[in-house]
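> take a look and give me a structure for this.
(2 chains)
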Amino acid sequence: MKTDEKIFTLRVALYAGEILLKNGAETYRVEDTITIICRSRNYRHISPYCTLTGIFVSDDRSDGLSFLKRIKERTINLDKIAQVNDFAREFANSDMSLGDALHRLKEIDQAPRYKESTVTFFASLGAAFFALLFGGGLPDFLVAFFITLIAVYLSQWVNNFSDTPFLGNILAGAVIALFALISKNLGFVTTIDMVVSGSIMPFVPGVALTNGLRDFISGDFIAGTTRVGEALMIAVSVAVGVGSIIEFWRYLYGGLI
Amino acid sequence: MIYFILQFIYAFISTVGFCILFNVPRSAIFHGSLTGGVGWTVYILLRNPTNTSYFAIFIASITVATLGEILARIDKKPVTVFLIPAIVPLVPGYAIYFSMINLMNKNFTVFAQSGTQALFFSGFISIGIILVTSLARLFKRKHKKNIRTQTFKSRIN
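Residues are numbered from 1 along each chain as shown, chains lettered A, B, ... in the order given. Got it, this is the predicted structure:
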């Protein structure tokens, strides 16, 4: 049956798009990949439309076949983006059967991440070097490293059973501010500025804001608005965590931090 | 000179950390971090004498995007794999956070200052990246007339 094959191809394309979007690919990459996969099997009227929270794939001319996929969770996992990219290229340039294609996409979807302990260690290392980059010294480096270790560990633990990333961010901000203030009062560092600015680097949404503006410039306004809004919300949640602890500390001990 | 080498090393190792956080494939970590280190060093090199951070960040993001495109051709991986970790030292994550915390503390002047800075930093970085990406696609279109270019044309129209 011709229609069956078409439905299957659209499913493969949609699945590839879903993996891409779930793992933090840009909007245009998702739409391009879906178009490439469909075109390689000679379906030329497919028009994909992708926002940050869902993908629509529809044939607007011949039979009106259309699919919709809701995306609920997103992380950044560049390994899967690279793998799906390879897959799309291979699929377009060969006669891979649709069953094989779906099987391979499932394998990519379930590919393991780096271990949580590895991620925690390296994220802390990166954050600590940011403290140096912003002009801190060796004490700032060490304090930032250990604080980020705790903060990343706790936020990962919260993210395991929380639906939104905001809870983890608030907790991380609070932990960072608390331990930075404690270490300043114990005399390890002279100011909390370098420690806090380094430690919050894994949590602040600089990349999200930049990606949002990239979407705006290339004309994907809805995706851009969503990404910028998400970035603002993440920044607010981190600031709430840090700010509330600092306020409370002021109330307890008074004076300037 | 020592200062710039140190800055390069710091930015390089920070980017390694963020490569792991973003789950960059193991074979691409070195190149991604190299791009990040070079981008930050270009930024510092241009910012210190000219004292104009907007110009410096624009040139730095163009450098990062160009290096990313070249490395993507060499490693046969999508540009994003090198781009996302490499812009981490440049993006104004701290400025966004700083503006929000000043908004919380009702320091509206500081909020406006750092918020504007954050917005324009991200704007310059994204314009730099889009500039290079569009040029690279034009290049590709000259080389081979394939499906991708048709997609690109339909996106423009």
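
> return the per-residue confidence for the residue of chain B found nearest chain A.
Here chain B gets closest to chain A at one residue, residue B:17, 2.1 Å apart by Cβ to the nearest Cβ. Heads up, the C-betas are built off the backbone N, CA and C, glycines and all. What the model reports as pLDDT for residue B:17 is 92.

> cool, the one 5 residues further on as well?
In the predicted model, residue B:22 carries a pLDDT score of 91.

> and if you look at the one 5 residues further on?
The pLDDT attached to residue B:27 in the predicted structure is 89.

> I'd guess it is in a helix, am I close?
Yes. Assessed with DSSP: H, G, I helix; E, B strand; the rest coil, residue B:27 lies in a helix.

> that one against residue B:76, yeah?
No. Counting by Cβ atoms under 8 Å, residue B:27 does not reach residue B:76; the two are 10.3 Å apart.

> on that earlier part again, the residue of chain B closest to chain A and residue A:40, how far apart?
Applying Cβ to Cβ, to the nearest Å, the value for residue B:17 to residue A:40 is 38 Å.

> give me the most central residue, chain B.
Nearest to the centroid of the C-alpha atoms of chain B, with distances taken as Cα atoms, centre = their mean, sits residue B:87, at 3.0 Å.

> which ones are touching that residue?
A:206-207, A:210, B:36, B:39, B:61, B:64, B:125, B:129 (Cβ atoms under 8 Å, 6 or more residues apart in numbering or on different chains).

> do the same with residue B:44
B:4, B:7, B:56 are the contacts of residue B:44 under Cβ under 8 Å, 6+ apart.

> can you check residue B:104 too?
Residue B:104 neighbours (Cβ under 8 Å, 6+ apart): A:239-240, A:243.

> measure it to residue A:23 for me?
Plainly put, residue B:104 is 32 Å away from residue A:23 if you go by Cβ to Cβ.

> likewise residue A:168?
Shown here: residue A:168 relative to residue A:23, a distance of 18 Å by Cβ to Cβ.

> please apply the same query to residue A:202.
Remark: distance between residue A:202 and residue A:23 (Cβ to Cβ) = 17 Å.

> so what's the one residue in the stretch 101-250 of chain A that gets nearest to chain B up against?
Using Cβ to the nearest Cβ, residue A:126 is the residue of the stretch 101-250 of chain A that sits closest to chain B, at 2.1 Å. For residue A:126, the contact set (Cβ under 8 Å, 6+ apart) comprises A:201-202, B:13-18, B:20-21, B:88.

> what's the closest non-adjacent residue to it?
Closest residue to residue A:126 apart from its sequence neighbours, by Cβ to Cβ, 6 or more residues apart in numbering or on different chains: residue B:17 at 2.1 Å.

> these two touch, right, residue A:119 and residue A:125?
No. Checked against Cβ under 8 Å, the pair residue A:119 and residue A:125 is beyond contact range at 10.8 Å.

> show me where chain B has helices.
Using DSSP state H, the helices of chain B run over B:2-21, B:29-50, B:53-75, B:80-86, B:93-104, B:108-143, B:147-156.
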